[in-house]
Structures are given as C-alpha cells and as structure tokens.
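Trainee: here is a sequence together with a model predicted from it:
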Amino acid sequence: MAVMFAAATALPAAAQTAPPSFQTLSRQAEEARNAKQLEKSLALYKKALQLKPNWDEGLWNAGSIAYDLDRYEDCAASLRRLAAVKPASAPAWTMAGLCEYKLRRFDATLDSLGHVERLNFQEPPELARAARLHLALAHTKTGSFEKGITELTELTRMDKKTPEVIVAAGIAGLRQTWLPSEVPERSRDLVFKLGDAMAAAMELDYPGATAKFEAVVREYPAEANVHFRFGAFLNVQDSDRGIEEIRKAVELAPDHVTALVGLAAIYLKRGDLQAALDCGQKAVKAGPGDFSAHVALGRAWLAAEEPAKAATELQFAVTLAPASPEARYSLATAYTRLGRKDDAARELAEFKRLQHLEK
C-alpha cells in the first residue's frame, strides 16, 4: 500500500517536468554548432524548428549544417522551407538548388536556381558563382544546351574562366547531357579543348578563341558540334566563314536541328528567303518536336509574305513551348498580317507577360 501511494504521489512531479523550451533548444543548437558537434547541433535545430517552424535563422543553420554533413534531403527540406518563408532570399534558393543538384533532381534545381536568376543573383559573390555554374550544368543535363552556354557566358564575364567553366562549356558545346563527373575518358580531351575555345570566346578574346577553335577543328575534323560552335562564334565577326563551318556541321550531321535553325536565321538576315525556307523545312523534318525549328520556318514564311503558312508553324511552336516569348511574338505578327486582331492582341499580351517574367 505504501509503495502504491509513493508511486501515485510521484506521477504529478514527473508530469510537471516541462520539455525544453525553444530558447533552450536554440541556445544548445548554437553551442553545439560552435563546438563543431554538427550531428548534435542539427538534431537540436530540428527540435527547435518543431516549436517554431518558420524560424529563418534556424532553417538556414539547419540547412547549412545538413549540407556540410552531406545530408542533402534534410538540407533541401530546410532551405526550401526558408525560401517559402523568405521568397526574396537568393541565398536560400541557391542552397536549396545546390542540394537538389546533389540529389540529381535537376528539374527542382532549375526551379530553385531560376528563382535566384529572377532575383538577379543578389547574394555574396561566391554563392552567385555557384548558382550560375550549377544552373548551367542543370540546363545542360536536361538538354537545354544553349541556355547552359548563356549562363556560362554570363559567369565568365563576371569572373575569370575556371576549369569548372571550361569543362561545363565543352559538355554543352558537344550537346551531351553529361555531368562533369560523367564525361567518358575518351572524350575528356575534346571536352576540355572545345570548352577552352568557347571560354575564350565568352571572354571576347577573338584572336585567342579563333586560334583555339582552329586547333580543335584540325584535331577533331569529324565532330559536327565542333564545327557548329566554331561557326556560331565566327558568325558575329565573319559570317561567310561562319556559314561555311555550320554547313560542315550539317554535312556531318544532316539532322543537326540547331545548326539548321542557325543557318535559317543567318539566311533570313541576309535576305536569302529560299535558303532560309529550305533550312527551316529541313529543321522541322529533322526535329518535328523542336519548337525552335517551327519558329525558324514560321519566320521564313513571314518574310516570304505567307502569313497563313507562318501561323500554322508558329501555332505548333507555341503548343510545344507555350512559355517561349519569341514564339508568341512571331505568332502575334502572323495573326496581325492575317487580320486576326483579337488573336494577335492575345499573343502580344502573353509575349509581354513572359518577357516580364524573364527580367
């Protein structure tokens, strides 16, 4: 009886033992972090965040510690939460994107780092460089090679080229969906040499880039993408020679859609409508699911005063890529020439909306 009474009187005391407060947990988490006890610190931050889920400092520290521990699932979860709490925080989106890249979730990487881009990379330079590089790598991995090259160009012009940029440029230039760690040994020399030439072009070193491209072309004459990249570079300074190199790319790879689209644009600019139409039609045949081919052919039909044929191609382009401003604008032009004012106004409004989103 005495034992039962003692047990009963002990229950209220135990029940009154309060769990650690948010202040206690946050202080202990910080102390453990300062002592380099990262596992303990992360566990304490998680407990504190259960009490205060939107604690921005805790979300950042938990995510950063998880990244250092290679706990990328935890890292991505914490930093995505922080980005939701503070959507204008470029560092939060960057770190979330880097974690998602490590997890090979490339669509999520593009989403997170796309937010950073729309925030104009307003963060410390080291994070901004990492964001641009990994955005370029994710674009390349998902097949958006030209977008990857655009990001690398911006990165090179804000900072000097690095081996990482050179390799990334070479992979994108070869139009391969490789990560740097996935480059086959047989292709490493080509990747680096092509990337080095492209990086020189990105730095606006015209003589240096020309010499490097010429050396790569001599060493790898059967690589269509080497000729295409050289031609794309030359087109700005020497369009005749640029066309010659891009034609070589098409001779080596007749279904090279991007090269055909490039030629169509060059011929259109020169006023050679028949050549532009021929290249546009070949591009559509080679890549019926590539919106840029339909845009190229649609623009050629517009120049040839065939707005109905242009509209057919451009409508298909918009179906394939509804978020493409260039497709929307060209379709608006076709509708205007056909007298379809309401349709033209709708497409022009969508063009302006998409253009605003890209800024």
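Mentor: On my side now, so go ahead. Numbering: from 1, shown residues only.
Trainee: okay, now the unreliable bits of the chain?
Mentor: Residues of the chain that meet the criterion pLDDT under 70 lie in 1-16, 359.
Trainee: tell me the domain ranges of it?
Mentor: For the chain, the structural domains run 22-123, 140-253, 280-359, going by automatic domain parsing.
Trainee: neighbours around residue 282, how many?
Mentor: 23 (other C-beta atoms under 10 Å). Where C-beta positions appear, they are placed from N, C-alpha and C, glycine not excepted.
Trainee: which residues touch it?
Mentor: Each residue near residue 282 by C-beta atoms under 8 Å, 6 or more residues apart in numbering is listed here: 254, 260.
Trainee: show me where the stretch 51-200 of the chain has helices.
Mentor: When secondary structure is read from DSSP state H, counting those that start in this stretch, the stretch 51-200 of the chain shows helices at 56-68, 72-85, 90-102, 106-118, 125-141, 145-158, 163-173, 188-202.
Trainee: export the domains of the chain to a markdown table and tack on distance to residue 133?
Mentor: Below are the domains of the chain laid out as a markdown table (distance: least, C-beta to C-beta, whole Å):
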| stretch | distance to residue 133 |
| --- | --- |
| domain 22-123 | 10 |
| domain 140-253 | 6 |
| domain 280-359 | 20 |
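Trainee: contacting residues around residue 171?
Mentor: 140, 178, 180, 183, 191, 195.
Trainee: now do the contacts for the nearest residue to it once chain neighbours are set aside.
Mentor: Distance criterion C-beta to C-beta, 6 or more residues apart in numbering; nearest residue to residue 171, sequence neighbours excluded, is residue 178 at 5.1 Å. Residue 178 makes contact with 140, 141, 171, according to C-beta under 8 Å, 6+ apart.
Trainee: circling back to that earlier point, so which of the helices of the stretch 51-200 of the chain gets nearest residue 354?
Mentor: Proximity to residue 354 (C-beta to C-beta) singles out helix 106-118 among the helices of the stretch 51-200 of the chain, at 12.6 Å.
Trainee: now do the buried residues in whatever helix or strand residue 274 lives in.
Mentor: Per DSSP states H and E: residue 274 is located in helix 273-286. The neighbour-count check on helix 273-286 (16 or more other C-beta atoms under 10 Å) flags 275, 276, 277, 278, 279, 280, 281, 282, 283, 284, 286 as buried.
Trainee: which of those sits closest to residue 214?
Mentor: Among the buried residues of helix 273-286, and counting by C-beta to C-beta, the member closest to residue 214 is residue 279, at 25.2 Å.
Trainee: tell me how many other residues surround residue 173.
Mentor: With other C-beta under 10 Å as criterion, residue 173 counts 28.
Trainee: next, the angle helix 188-202 makes with the host helix or strand of residue 207.
Mentor: Assigned by DSSP H and E, residue 207 falls within helix 206-219. Angle, helix 206-219 to helix 188-202, by axes from the mean of the first three to the mean of the last three C-alpha atoms, to 10 degrees: 160 degrees.
Trainee: can you dump the C-alpha atoms of whichever helix or strand comes after helix 206-219 in PDB for me?
Mentor: Per DSSP H and E, the first helix or strand lying C-terminal to helix 206-219 is helix 224-237. Extracted in PDB, the C-alpha atoms of helix 224-237 (Å, rounded to 0.1, in the frame of the first residue of the first chain):
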ATOM      1  CA  ALA A 224      29.900  18.100 -86.100                       C
ATOM      2  CA  ASN A 225      29.400  20.100 -82.900                       C
ATOM      3  CA  VAL A 226      33.000  21.400 -83.000                       C
ATOM      4  CA  HIS A 227      32.200  22.900 -86.500                       C
ATOM      5  CA  PHE A 228      28.900  24.300 -85.300                       C
ATOM      6  CA  ARG A 229      30.400  26.000 -82.200                       C
ATOM      7  CA  PHE A 230      33.200  27.500 -84.300                       C
ATOM      8  CA  GLY A 231      30.600  28.600 -86.900                       C
ATOM      9  CA  ALA A 232      28.400  30.200 -84.300                       C
ATOM     10  CA  PHE A 233      31.400  32.100 -82.900                       C
ATOM     11  CA  LEU A 234      32.600  33.200 -86.400                       C
ATOM     12  CA  ASN A 235      29.200  34.400 -87.500                       C
ATOM     13  CA  VAL A 236      29.400  37.500 -85.400                       C
ATOM     14  CA  GLN A 237      32.800  38.600 -87.000                       C
END
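Trainee: which parts of helix 224-237 are buried?
Mentor: Those would be 224, 225, 226, 227, 228, 229, 230, 231, 232, 233, 234, 235, for helix 224-237 by 16+ other C-beta under 10 Å.
Trainee: sec struct for the residue nearest to the last one when sequence neighbours are not counted, please.
Mentor: In space, not counting the residues next to it along the chain, residue 235 is nearest to residue 242; the distance is 3.3 Å by C-beta to C-beta, 6+ apart. Judged by DSSP: H, G, I helix; E, B strand; the rest coil, the three-state class of residue 242 is helix.
Trainee: wait, residue 242 touches residue 234, no?
Mentor: Yes - Residue 242 is within contact range of residue 234, at 3.7 Å (criterion: C-beta atoms under 8 Å).
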